[in-house]
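# generate a structure from the sequence data that follows.
(one chain, ligands or ions: 1)
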Amino acid sequence: MNTPRWLLLPLTAALLLGPAVCSSPAQPAAQPTPSSAQPDATPPALHLGTAWYPEQWPESRWDADLSLMEAAHIRFVRVGEFAWSRFEPSEGHYDLDWLDRAIRAAARHHIAVVIGTPSAAPPAWLTAKYPETLRIKEDGRPDEHGNRQQFNWADPKYRELARAMAEQEAKRFGHDPNVIGWQIDNEYSDLSYGPADKAQFDDWLKARYHTLDNLNTRWTTAYWSETYTDWSQVPIETTYGNPGLLISWKRFVSDTWRSYQKNQLDVIRANADARQFITTNMMGFFDGYDHYTVSQDLDLASWDDYVGTGQLNPISNGAAHDLTRGFLRKNFWVMETQPGFVNWSPDNNSLDKGGVRAMAWQDIGHGADAVSYWQWRSDLNGQEEYHGTLVGADGTPVPLYAEVAQLGKEFAKAGPALAGTTIHSDVAILHSYDAFWAINWQRHNKAFDPIANLVAYYGAIRSITHSVDIVSPSVPLSQYKLVVAPALNLLSDQQAQNLIDYVRNGGHLVLTQRSAMKNEDNGLFTERQPGPLVSLLGGRVEQYYALDSTIPISGAWGTSPTKIWAELLSTSNPDTQVLMRYGKANGWLDNQPAAITRKVGKGRITYIGAALEGPTLAAAAKWMVTDADVHPEFGTLPPGVDLYIRKDATHEVWILINFDEAPQTITLPSAFTNVLDGESNSTTHSITLKRFDVVVLQRPTP
Ligand code: GAL
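Next up is the predicted model:
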């Protein structure tokens, strides 16, 4: 057997920080020193964690693993989320003693615990005895044991058994001082399409539409003789059904995940201390259900942040963070992230050295209060043998361990400065599952990707403001100076009124392509776009065109080619101005308005009908931000450098990361204290960052 790499290397001060001003990625791995580790007694403000599966290892090994974690400043483990067959080896016979011993062992190493409910992986005896708990796949066949997520999220028996399991856990550990929170299930995703699920869908439709006449009218079922005369005739459709049916199924799915979650959440809440949070781990822009619906009962939003193939894209990953922060509009947790590489991507390359640490600081910059690595040690068998870990199958650290240990040290150091701080944004981007589902079912041009479109606006605006919230169009918007709605295709009456009120009260609203076309039933508004906002805009979309070639646009935001989608706009109010026009195009669009705007009192509404990219998108973003009177706290950053600002009433923390290959220098607007700069708190005005360098700075709120 090869000697582990970390044993060959000298114990260095490499885990301490390098240059005086900024901190660099980990130096060669340092030997962990478990016996000499002196963790803080107080709970950390920034939580570094890992997924630990004690049920897979002899108890005699636990202490060694926990010692290695402690040496890396890992302050929590997430346990139990797939351990049902160990918790309940046979029906009604529970064994939680081993978890109690694991929690006690973790406590001895100053490591707190987040407990998972194991409902994502039911035991074989359960699905064998109660086959109705297995989900029915879309092709009509039942799922089977041997993988995970084979359960049926709508099945009453499954819910009864999962609730009983969660209740046992909560009764045993709900007041445990070393348990800090709960994760319900794991990454809700797979659905069931059997007759019993269909019957529940019928009930859901009845509750929403009350009468078939109402449903038939709102779905325009006279089309293609789709008219229903009995609820049971309504099929389940997921891709090419009536748009009213498609969106109803998605809403049923979302409500059913919510009730599935509440079934366990209520029994945990009834038995647990209020200080123990309840969350579930979500998946960024995954759109299998409406996350605003499912989040509302949780204490905390959390998500699993994986890069897969390639290196971190700070813009799209940042957008996914801000999306998650928007579910409950407060700080969130990264419940899983990749220790270097995964096993499920087409190419499972590793993040480059230093990239894992930079990614973790990006998480914190966007409002995460925890970062947790999946997983601690390679499973000796199972479907994920190749996945990245912090400790190998041999039980000794892999090279990445040192980088994570450096991070742990930094989290401990920066925790007090970041405790209680949050993100403040003057700009919100609106995101709606309804709207994006509606577009994805009928893209009309296959290249129109609503998420990519949102991320493009997000990136252009964030590069100027250094902070953007992503929120639902249903939430109060008055705190924002600028609200941008990329492709907000579908609007409820409440959401339309929310936007109108926002503008009338002085806000600047920017609607972009495909916005406000459809009503709550995913049917067309009887007014052209932007439907209920036409009179406020003093203009409308005369016609939309899916483009098969590139056409030019020019005007206030410069000149550039545009492609994929174009909307021919018109103005009907003398106050409505044309900002951009199409050039020579398909004849219909030639010289017609491509972007229009109207000032409404102190507010403004703008509609952008063309796809913007590159310099025109940058100029449009600049125009919006300036017109809305947003004053970013910092000017333009060098390419590849990201700035994140978290603050409370008295001070603010700036995190700067360079993701670019080339070193970049930034001159700061005032003196800051360098939080990670060893023991001495230096002040600095100018900093140079190499690739993946991170600097954490603090100053009193100006
Ligand atoms: C997540 C999942 C984990 C693990 C991980 C591997 O989606 O929640 O249990 O499978 O992927 O990357």
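# near the ligand, which residues of the stretch 51-200 of the chain?
Within reach of the ligand by Cβ under 6 Å from any ligand atom, the stretch 51-200 of the chain has these residues: Asn186, Glu187. Yep, even glycine has a C-beta here, placed from its N, CA and C like the rest.
# and the helices in the stretch 51-200 of the chain?
For the stretch 51-200 of the chain, applying DSSP state H, counting those that start in this stretch gives helices covering 59-71, 84-87, 97-108, 124-129, 156-173, 195-209.
# export these to a markdown table and append columns for mean pLDDT and mean neighbour count.
Shown next, in a markdown table, are the helices of the stretch 51-200 of the chain (pLDDT from 0 to 100; neighbours: other Cβ atoms under 10 Å):
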| stretch | mean pLDDT | mean neighbour count |
| --- | --- | --- |
| helix 59-71 | 98 | 19 |
| helix 84-87 | 98 | 19 |
| helix 97-108 | 98 | 17 |
| helix 124-129 | 98 | 16 |
| helix 156-173 | 98 | 20 |
| helix 195-209 | 98 | 16 |
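# would you mind giving those as CSV with distance to Ala438 added?
Shown next, in CSV, are the helices of the stretch 51-200 of the chain (distance: least, Cβ to Cβ, whole Å):
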stretch, distance to Ala438
helix 59-71, 46
helix 84-87, 37
helix 97-108, 44
helix 124-129, 36
helix 156-173, 30
helix 195-209, 17
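# with respect to Val404, which of those lies nearest?
helix 59-71 (9.8 Å; Cβ to Cβ).
# send me the closest one as PDB with only the CA atoms.
In PDB, the C-alpha atoms belonging to helix 59-71 read as follows (Å, rounded to 0.1, in the frame of the first residue of the first chain):
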ATOM      1  CA  GLU A  59     -17.900   1.900  15.500                       C
ATOM      2  CA  SER A  60     -14.200   1.300  16.300                       C
ATOM      3  CA  ARG A  61     -13.400   3.500  13.300                       C
ATOM      4  CA  TRP A  62     -15.700   6.500  14.200                       C
ATOM      5  CA  ASP A  63     -13.200   8.200  16.500                       C
ATOM      6  CA  ALA A  64     -10.500   8.200  13.900                       C
ATOM      7  CA  ASP A  65     -12.800   9.800  11.300                       C
ATOM      8  CA  LEU A  66     -14.100  12.400  13.800                       C
ATOM      9  CA  SER A  67     -10.500  13.200  14.800                       C
ATOM     10  CA  LEU A  68      -9.600  13.900  11.200                       C
ATOM     11  CA  MET A  69     -12.700  16.000  10.800                       C
ATOM     12  CA  GLU A  70     -11.900  18.000  13.900                       C
ATOM     13  CA  ALA A  71      -8.400  18.600  12.700                       C
END
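# how far does that helix sit from its chain's centre?
Distance of helix 59-71 from its chain centroid, counting by Cα atoms, centre = their mean, to the nearest Å, is 31 Å.
# stretch 52-72 now?
30 Å.
# run through who's touching it.
With Cβ atoms under 8 Å, 6 or more residues apart in numbering as the contact definition, stretch 52-72 has outside contacts at 32-35, 37, 39, 48, 50, 77-80, 82-83, 86, 98-99, 101-102, 105-106, 108-111, 375-377, 379-380, 390-391, 395, 397, 401, 404-405, 408.
# among those residues, which are in strands?
Members of those lying in strands (criterion: DSSP state E): Leu48, Thr50, Val77, Arg78, Val79.
# roughly how far does the second one sit from the ligand?
In this case it means Thr50. 12 Å (Cβ to the nearest ligand atom, to the nearest Å).
# look up which residues are beta-bridged to that residue.
Val77, Tyr373 (DSSP bridges).
# that one touches Val79, doesn't it?
No - using Cβ atoms under 8 Å, Thr50 makes no contact with Val79, being 10.0 Å away.
# could you find the closest non-adjacent residue to Thr650?
Once flanking residues are discounted, Thr650 sits nearest to Thr701: 6.0 Å by Cβ to Cβ, 6 or more residues apart in numbering.
# neighbours of that neighbour, how many?
9 (other Cβ atoms under 10 Å).
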